[in-house]
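J.: Sequence and predicted model, in that order:
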Amino acid sequence: MLTGPQPDRDAPHGSPAPGSALARTVRAFAQMLPILLGMLLLTSLLMAWLPRSGLTDWFGRAPLLDLLLGAAVGSVAMGHPLAGYLLGGELIAAGIGLVAVTALIVSWVTVGVVHLPAEALALGRRFALVRNGLCFLSALAVAPLTVAALRLIG
Amino acid sequence: MAGRRGRGGWIFLGLVALAQGATALAEPGLARQALQGFARTLSEVAPLLALVFALMYGAERFLTPARTRAWLGRGSGWRGWAVAVLAGVVSTGPVYAWYTLLAELRAKGMRTALVATVLYARAIKLPLLPLLAHYFGLRYMLVLSLWLAAFAIVNGALVERLAPVPPAE
C-alpha cells in the first residue's frame, strides 16, 4: 500500500540501512494518520448520534430472526467489546437466547462496518468487503456451534 | 497506488470533518460530545500508535521480503497460521491502527490468508477473557475462544481464495 518492496531488500546482506528504513516508516505512518484520525472522529460522531437504549425490544420474535439481528447489530456496533458483553448480558436477562447473543458478541469483534472505509483504503476494497462478509457469515455459524458444543459438554 | 490511497485518506478525513461540521450546526451539544469522545479516544490510542510505529520500523528494518515470505508467505505452513493467530490474539487497541502494518507486511510477501487470520483472531481479546468468563461462564469463554481460533483460520483461507491480491498490488 504505502511503500512497496525496495530493490535493496533482496541484496545478499539483507536489511536496509536504518536511515532509509526510518524514512519509509515515517512516510507510511504519515499516510495512515488521516485514516486513523478520520476513523476516530467518525466513531465518536456515530457514538454520539446512536441511541444505546431500547435494543432489547428488537429481539425475542423468532430464534432465527434473533440470530440474524444479533449478528447485524454486532456488525454495525462500535466501541469497546466490553459494551458488547454488557449488552449480551442484558439480552440474556431479557430472555433472549444464547445463540443470538453469541452472534452479537462474535460479529461485534469480527465485523467492522464502520471501519470498512479505513480497511478498504489500507488493504483493498475487495479484501475488506469479502473479509467482513465472511466474518458476518461466520458469526451466524460460530453462535449455534458454540451453543451446541456447550450442550454436548453438558 | 500509494499516492491515490494517500489522497483517499485525506478525502476520507475531509468528509468526516464535514459531517462533524454539519452536526455542530444542527446539534451543537452532540458535536461537543463527539469531540470530547474523539479527544478521549485519541489519548487512549496514542501509546498504541507508538507501539505500531516501533513495530512498523522493526518490520521495515529487519523483515526483508525473503524473510517475510519464509515466515508468513505461502511456504510458511502451520507455523505461519500459528503466528497469525497468536499475533491477532495479543494485538491490542482499535483494529484500524493495525491496517497499515499488515498492508506493509503483505507488500513484502505475507499471505493474504494470514492477514485476514490476524484480523479475525483479534476477536479473542486476551485481557477481556476473565470478563467474558464472568458474564457467561468459564466453559462458554473456552468454547467460544476455540471456535474463534478455528474460524480465524477458515476465514483466512476463504478470504485468500475469494479476494486474491493482484500481482501489481
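T.: Structure received. Numbering: from 1, shown residues only, chains lettered A, B, ... in the order given.
J.: and the worst-scoring helix or strand of chain B on mean pLDDT, how far from the chain's centre?
T.: When the helices and strands of chain B are scored by mean pLDDT, DSSP states H and E, helix B:65-72 comes last with a mean of 78. Here the centre of helix B:65-72 is set off from its chain's centre by 20 Å, with Cα atoms, centre = their mean, to the nearest Å.
J.: Kindly report the same for stretch A:85-99.
T.: With Cα atoms, centre = their mean as the basis, the distance from the averaged C-alpha position of stretch A:85-99 to the chain average is 20 Å.
J.: just stretch B:68-84 next, same as before
T.: Here the centre of stretch B:68-84 is set off from its chain's centre by 18 Å, with Cα atoms, centre = their mean.
J.: and it, which residues are buried?
T.: Buried residues in stretch B:68-84, counting neighbours by 16 or more other Cβ atoms under 10 Å in any protein chain shown, are found at B:68-69, B:71-73, B:76, B:80-81, B:83-84. Where C-beta positions appear, they are placed from N, C-alpha and C, glycine not excepted.
J.: could you pull out the helices for chain B?
T.: In chain B, the segments counted as helices under DSSP state H are B:2-26, B:28-62, B:65-72, B:77-90, B:99-107, B:112-121, B:129-136, B:138-162.
J.: Do the second one and chain A come into contact?
T.: Read it as helix B:28-62. Yes: in this structure, helix B:28-62 sits against chain A according to Cβ under 8 Å from any Cβ of the partner chain; the contacting residues are B:30-31, B:33-38, B:41-42, B:45, B:49, B:52-53, B:56-57, B:60-62.
J.: Among these, name the buried ones.
T.: Neighbour-count burial (16+ other Cβ under 10 Å) is assigned, among the residues of helix B:28-62 next to chain A, to B:31, B:33-35, B:37-38, B:41, B:45, B:49, B:52-53, B:56-57, B:60-61.
J.: what comes up buried for the host helix or strand of A:Phe127?
T.: With secondary structure defined by DSSP states H and E, A:Phe127 is part of helix A:125-153. By neighbour count with 16+ other Cβ under 10 Å, helix A:125-153 contains the buried residues A:126-128, A:130-136, A:138-140, A:142-143, A:145-147, A:149-150.
J.: restrict those to contacts with chain B.
T.: A:126-127, A:130-131, A:134-135, A:138, A:142, A:145-146, A:149-150.
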